[in-house]
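Colleague: for reference, the sequence and a predicted model appear below.
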Amino acid sequence: MTTVHEDAARRILIVSHTHRDEAIAATVAAVAALQAAGVVPVFDGADRTEFAPHLDVSRVASLSDDVAIEQLEVAIVLGGDGTILRAAELLRGSECPIVGVNLGHVGFLAEMESYDLASTIDRVLKRDYTVEERLTLEVSASCDGTVIAETWALNEASVEKRRRMLEVEIGVDGLPVSSFACDGMVIATPTGSTAYAFSAGGPVVWPGVQAMLMVPIAAHALFDRPLVTGTDSELSVRILPENVGPGVLWCDGRRRTELPAGSIVRVRRSPLSVRLARLSTAPFSDRLVRKFHLPVSGWRGNGRGERA
């Protein structure tokens with residue numbers, strides 16, 4: 001166990017991966033910048049082992065062994081949305097905010113792009129950021145009265161088919177709303193409205209809206225519209241007993257549970273939130289346009305009053 005950093009005042013977690021050369025280079029640069037500023041870089045155990053061939057991990061503290069989560073000032077995440085979701089999993093229940101630096105594709109959860117790494121670290125060191133509280137979901141699954149999973153999600157909980165279409169009954173606040181065959185159902189937060197729920201045809205919901213979404217995936221039904229409820233509701237998806245074959249529950253694409261026919265998944269707002277640090281004051285609409293490359297000028301041109 002490393003003890004050299006025990007008296008250091010500032011400790012910053014770095015969450016990254018070695019799957020791409022760009023991520024390795026960014027991580028090495030981030031560690032060096034923090035050390036130069038007299039700040040202790042912290043890795044979780046898996047990252048510490050993974051990065052051992054690329055940097056001197058004896059100068060990097062280990063989360064839990066050397067540094068408690070409560071001692072972390074902030075987490076810098078280098079990667080795509082999947083890496084940010086892993087960081088949220090590591091920091092579940094803590095007050096530590098997350099700054100995402102996008103090294104992936106869309107990277108909707110990330111605050112900055114890879115070319116902004118130096119300025120991002122500089123601003124983090126100056127504590128020049130604000131923090132957004134993002135709601136998360138509390139998810140439980142049961143079958144024949146027995147609880148088979150209790151988990152959570154930042155983006156979404158999805159009930160999906162294994163092989164053949166699922167026969168499901170969806171409900172709100174303990175009352176059935178509809179039943180149909182589908183490939184699955186996505187129950188998402190506003191944060192997750194730009195992820196899986198978006199690809200399934202759900203609406204984009206601004207992060208500050210207190211709501212939950214229920215979006216069918218390829219429903220074989222006349223009524224297959226997404227539903228949006230308040231955060232005081234309980235949403236449910238029941239795999240009907242006559243269903244042929246099982247389903248599967250995924251939370252954020254990371255935590256998986258097999259669902260036999262007859263299982264019911266219930267989703268409520270969790271009392272625990274995820275804290276995302278924001279360095280930009282730009283509105284969400286700006287991020288939406290930038291990340292999805294939306295055309296803000298039509299074929300008629302930019303100017304008002306122009307003729308077609």
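Modeller: Structure received.

Colleague: now residue 85: which helix or strand?
Modeller: helix 81-90 (DSSP states H and E).

Colleague: ugh, typo on my part, it should be residue 31
Modeller: Assigned by DSSP H and E, residue 31 falls within helix 21-36.

Colleague: tell me the angle the helix or strand that comes right after the helix holding residue 85 makes with helix 21-36.
Modeller: As assigned by DSSP H and E, the chain's next helix or strand after helix 81-90 is strand 98-102. Here strand 98-102 runs at an angle of 140 degrees relative to helix 21-36 (axes from the mean of the first three to the mean of the last three Cα atoms, to 10 degrees).

Colleague: give me the contact list for the helix holding residue 85.
Modeller: Contact with helix 81-90 is made by 13, 15-17, 44, 63, 69, 75, 77, 98, 100, 103-104, 106-110, 154-155, 195, 252-254, 274, as judged by Cβ atoms under 8 Å, 6 or more residues apart in numbering. Any C-beta I mention is one placed from the backbone N, CA and C, and that applies to glycine too.

Colleague: using ChimeraX, define a selection of the buried residues within the residues you listed.
Modeller: Of the contacts of helix 81-90, the buried ones go into a single ChimeraX selection, burial set by 16 or more other Cβ atoms under 10 Å:
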select :13,15,16,17,44,63,69,75,77,98,100,103,104,107,108,109,110,154,155,195,252,274
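
Colleague: looking at the contacts of helix 81-90, which are in strands?
Modeller: Per DSSP state E, strands hold the following members of the contacts of helix 81-90: 13, 15, 75, 77, 98, 100, 274.

Colleague: and the residues you listed, which is closest to residue 260?
Modeller: For the ones in strands among the contacts of helix 81-90, the residue nearest residue 260 by Cβ to Cβ is residue 274; the value is 30.7 Å.

Colleague: my guess is the closest one meets residue 132, correct?
Modeller: No. Using Cβ atoms under 8 Å, residue 274 makes no contact with residue 132, being 9.0 Å away.

Colleague: elements contacting the helix holding residue 31?
Modeller: Packed against helix 21-36, as judged by 3 or more Cβ pairs under 8 Å, 6 or more residues apart in numbering; DSSP states H and E, are the following elements: strand 11-15, strand 40-43, strand 74-79, helix 117-125.

Colleague: where does the nearest residue to residue 190 once chain neighbours are set aside land in three-state SS?
Modeller: Leaving out its chain neighbours, the residue that sits closest to residue 190 by Cβ to Cβ, 6 or more residues apart in numbering is residue 205, at 4.0 Å. Look at residue 205: counting by DSSP: H, G, I helix; E, B strand; the rest coil, its state is coil.

Colleague: and residue 205, how far is that from residue 15?
Modeller: 26 Å (Cβ to Cβ, to the nearest Å).

Colleague: CA atoms of stretch 131-147 as CSV?
Modeller: Taking Å, rounded to 0.1, in the frame of the first residue of the first chain, the C-alpha atoms of stretch 131-147 are listed here in CSV:
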residue,chain,number,x,y,z
VAL,A,131,-21.7,21.5,-10.2
GLU,A,132,-25.0,20.0,-11.6
GLU,A,133,-27.0,17.4,-9.7
ARG,A,134,-28.3,14.8,-12.1
LEU,A,135,-31.1,12.5,-10.9
THR,A,136,-30.6,8.7,-11.0
LEU,A,137,-33.0,5.8,-11.0
GLU,A,138,-33.5,3.2,-8.3
VAL,A,139,-34.3,-0.2,-10.0
SER,A,140,-35.6,-3.4,-8.6
ALA,A,141,-36.6,-6.6,-10.4
SER,A,142,-38.6,-9.5,-8.9
CYS,A,143,-40.1,-12.8,-10.0
ASP,A,144,-42.8,-14.7,-8.1
GLY,A,145,-42.4,-12.4,-5.2
THR,A,146,-38.7,-12.9,-4.9
VAL,A,147,-36.3,-9.9,-5.5
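
Colleague: quick check: buried residues in that stretch?
Modeller: Buried residues in stretch 131-147, counted by 16+ other Cβ under 10 Å: 132, 134, 135, 136, 137, 138, 139, 140, 141, 142, 143.
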